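Colleague: Okay, sequence plus prediction incoming.
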Amino acid sequence: MTVVKSVIPDSARQITGEALQSTLVDLLGLSLIGKQAHWNIVGPRFRSIHLQLDEVVSAARSFADTVAERAAALGVPPDGRPETIASAFTLPGPKDGWVRDAEVVEIMVESLEAAVQRLRERIDATEKPDPVTQDLLIAVTAELEKQRWMFAAENVGGED
């Protein structure tokens, strides 16, 4: 059942819908990774990384809402159900239990980098079918790249 009629052709809607759904899964998964690490981080850099994780979670949740609403506006029902996220999410995440601050940084760099790589593929895929969605994906990518950079800077040694 299609409740909302799309303003773009069906073939473009399918490509765009797949890009938006995959992005929604990645963003909701990133928010869960961020919170899991936020609750379980230990080590001397606890506070600064703890707060930085909140920034990632906030950005991921905000963009997840925007991405889901874009899908709905195009007549593609977004699927953010827990079972969908659990079955489709493929980005690296933390182990259970306490996680050292340095390990949290590595996990976040890896997860954000993987998400950005996937987003760049979706940016290419949506260029012709829906430049409006492409623009949204570019904005998401810019934020996740910024967050990745901030975590990566945590691991830089004292070299000049």
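Modeller: Now that the structure is in, tell me what you want to look at.
Colleague: center of this structure, which residue is that?
Modeller: residue 27 (3.0 Å; Cα atoms, centre = their mean).
Colleague: Now stretch 121-140: average pLDDT?
Modeller: Averaging pLDDT along stretch 121-140 gives 98.
Colleague: so residue 89 makes contact with residue 26?
Modeller: Yes: using Cβ atoms under 8 Å, residue 89 is in contact with residue 26, at 7.3 Å. From N, CA and C alone the C-beta is placed, and that goes for glycine too.
Colleague: of those two, who's got more company?
Modeller: The neighbour comparison of residue 89 against residue 26 (other Cβ atoms under 10 Å) goes to residue 26, with 28 against 15.
Colleague: Okay, that one and residue 64: tell me how far apart.
Modeller: 9 Å (Cβ to Cβ, to the nearest Å).
Colleague: So, low pLDDT: which residues of the protein?
Modeller: Residue ranges of the chain with pLDDT under 70: 1-2, 157-160.
Colleague: Now do the strands in it.
Modeller: Assigned by DSSP state E, the strands in the chain fall at 41-42, 99-100.
Colleague: Turn those strands into CSV, columns for distance to residue 116 and mean neighbour count.
Modeller: Shown next, in CSV, are the strands of the chain (distance: least, Cβ to Cβ, whole Å; neighbours: other Cβ atoms under 10 Å):
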stretch, distance to residue 116, mean neighbour count
strand 41-42, 22, 18
strand 99-100, 22, 18
